[in-house]
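A.B. asks: Compute the structure for the input listed below.
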Amino acid sequence: MDRKSSWGNTLHIMIGGTIYKAFSLLSIYADPETPASEYLPSRPINRNPVQGMQTIRNWLRDCDENHSCVSMDLPRLPTRVLDVSAVPTVLTTHGERARYVTLSYCWGTSGKNLLLTEDTLEPFSTKGIESSQMPKTILDAITIVRELGLKYIWIDALCIIQQQQDRKDVKAEAPNMAEYYQNAYITLSAARAADCSEGFLDDRPLPLATPCAVAYSLYRGPEDTGQGAETIAYLSLPEALYASDRDPVNTRAWTFQESELSRRLLSFGETQFKFLCQELRQHENGERMHRAQRASLSKVLSSSNGMYTGTERDILRLWYQYVEDYSGRGMTDPEDKFAALAGVAKSFQDVLKCKYMFGLWENDLITGLLWRTHRTGPDQSGNYERWPHRAPSWSWGSIDGWFDATSSEREEASIGDSGIPRSHVLSHEGIGNFLDPIREDLMLPKAFELHLEGILRKAKAVSWSHFSDELLGTHTHFLVDTSLLDNSSTSAGVYVGRGTYDIASDEVVTELEMLRFTWDRGLMLERVGDKWYRRLGCFEVANNREGWYEDGRLQSIILI
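C.D. replies: Okay, the predicted model is just below:
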């Protein structure tokens, strides 16, 4: 290290025989037994996670004693739990109260997950389950439960009867899953395992770069005229802090609500484990930060008891952030789109106290309708797919792929200068049957209709060759006034907005109806019947063309 630098210490890095000077983000840590540990909070990471169990116990003890993340009253056990005090056994409970752990993990595609079925319920409950029968992720979870001195763990695959033709047990247990995770003493997340056969307690890979030992001078106060006593610290690349976003568990739909509903989460990632409670986020390497967003969710979950002072808009904004994160996650069965979010939705519904309509809230339909897919840039592949049998076209639940649900502009009042709403919902009703998006044991109308009133304007989606994809976006189109298109030689004369189709296959529909909702946004629609329309995408109003959208008469339509 160069102590003569006027700006600060300079680190010279040699790569392939060449010395480079560069500014970079580095981590500095100290062994806990050295004097430097008094000043440096970061610590080395053990290659094997089990070696860090004492750290985990300390975190839990500190949270138990100093936070209010979990109730000290023993919770009621789920309908079934796995008793791991001896040979793991499926235990059917009868109202007993005790601490228990929940597991969040990826089942994967290997087909090696062990399932509770009608045939295995009796032997699993009486004889127990041999270790040789269980996939590694479940074995590792049992190891952690025992290390924590606990007895029970709830695992969906082994505590809900699977593969029933009528899905009777799944339907009965699905409404309770949010409560199971919320009441757990802690949730274990097998974050690094993409498949249940992989486990999460094996040795971690070596770091990309070997940590560099450096001399560290201890400052002894203002009377210290020398360099201070020297000890050793280590510099390393901070890869462990950012690797968690790449963990397989963060790519799957079902694991989203499992982590968000849990009041405390112990996540075993590829490079380190971390502990999240309602107050703090703590990493194995010593990093520690407050968890403001997680605390916000906790307040939302308890606000039905009058404990949350935030506005309804605050709660809705948090909901939109959650569904954005959830939207791009993968699932084995596309029919699980709503079921995998049902626990979170139920918690929000308890607070908002309004109808949950295929991912949208009755009290905020205008904002909710203006979601748009991430197909606005040149790097977007546009490989989105619509599932019309799963949800109406106006619901983001009808689409598989990332979407944007939040916009500050969208939250402006949707009232025109005349005081008349630009567009508004008159009513909603449905035809046929559909499993309730929150409770699988209830039925909802399948063809859910929104009856709207607003001013419809005809437009055409076109492209002009002199606008590049980089400027406009590969899947974004100009919207032009069809009545002026043949009489104007310039694009400016007919340009009224630009829109993005939800899916690529709908781009063949170029004759559109435009329904404006807010000052600068609205929906692109296709007429499919007398008053019947389906959603094609979302549009933005062109500058100074707001008046064009108000030049017409109000009419009633049905959006399906």
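
A.B. asks: so T367 is in which element?
C.D. replies: T367 belongs to helix 365-369 when assigned by DSSP states H and E.

A.B. asks: Quick one: list the elements packing against that helix.
C.D. replies: Here helix 365-369 touches strand 360-361, strand 423-431, going by 3 or more Cβ pairs under 8 Å, 6 or more residues apart in numbering; DSSP states H and E. All C-beta spots, glycine's among them, are computed from the backbone N, C-alpha and C.

A.B. asks: Export those as a markdown table, with columns for mean pLDDT, mean neighbour count and distance to L150.
C.D. replies: Converted to a markdown table, these look like this (pLDDT from 0 to 100; neighbours: other Cβ atoms under 10 Å; distance: least, Cβ to Cβ, whole Å):
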| stretch | mean pLDDT | mean neighbour count | distance to L150 |
| --- | --- | --- | --- |
| strand 360-361 | 92 | 24 | 38 |
| strand 423-431 | 68 | 15 | 45 |
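
A.B. asks: looking at these, which is closest to I399?
C.D. replies: strand 360-361 (13.1 Å; Cβ to Cβ).

A.B. asks: what sits against M134?
C.D. replies: M134 makes contacts with P88, L114, I142, as judged by Cβ atoms under 8 Å, 6 or more residues apart in numbering.

A.B. asks: between those, which is nearest Y356?
C.D. replies: Set against Y356, the nearest of the contacts of M134 by Cβ to Cβ is L114 (33.6 Å).

A.B. asks: Next, format the helices and strands packed on helix 365-369 as JSON lines and append distance to A542.
C.D. replies: Formatted as JSON lines, these follow (distance: least, Cβ to Cβ, whole Å):
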{"stretch": "strand 360-361", "distance to A542": "27"}
{"stretch": "strand 423-431", "distance to A542": "18"}
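
A.B. asks: before we move on, what SS does Q555 have?
C.D. replies: Of the three states, Q555 takes strand under DSSP: H, G, I helix; E, B strand; the rest coil.

A.B. asks: State the mean pLDDT of stretch 538-549.
C.D. replies: Averaged across stretch 538-549, the pLDDT comes to 87.

A.B. asks: What of stretch 281-294?
C.D. replies: Per-residue scores along stretch 281-294 average to 79.

A.B. asks: and what of stretch 160-174?
C.D. replies: Mean per-residue pLDDT for stretch 160-174: 90.

A.B. asks: now do stretch 391-402
C.D. replies: If you average the pLDDT over stretch 391-402, you get 92.

A.B. asks: what's the offset of that stretch from the middle of its chain?
C.D. replies: 16 Å (Cα atoms, centre = their mean, to the nearest Å).

A.B. asks: between the helices and strands packed on helix 365-369, which one is nearest to T251?
C.D. replies: Closest of those to T251 is strand 360-361, at 24.8 Å (criterion: Cβ to Cβ).

A.B. asks: Partner strands of the closest one and their direction?
C.D. replies: Here strand 360-361 has these sheet partners by DSSP bridges: strand 356-357 (antiparallel).

A.B. asks: Check what contacts the partner strand and list those residues.
C.D. replies: A345, F348, Q349, E362, L365, S395, H428, P437, I438, F448.

A.B. asks: Leaving out sequence neighbours, find the closest residue to the fifth one.
C.D. replies: When the adjacent residues along the chain are set aside, L365 lies closest to V425, with 5.0 Å between them (Cβ to Cβ, 6 or more residues apart in numbering).

A.B. asks: isn't the one you found right up against W394?
C.D. replies: No. Using Cβ atoms under 8 Å, V425 makes no contact with W394, being 10.4 Å away.

A.B. asks: so what sits against both of these two?
C.D. replies: L450.

A.B. asks: Below-threshold pLDDT in this protein: ranges please.
C.D. replies: The chain contains residues with pLDDT under 70 at 1-25, 219-229, 238-245, 291-310, 375-383, 406-422, 429-447, 464-475, 485-493.

A.B. asks: Surely G95 is within a strand?
C.D. replies: No. Counting by three-state DSSP, G95 is not part of a strand but coil.
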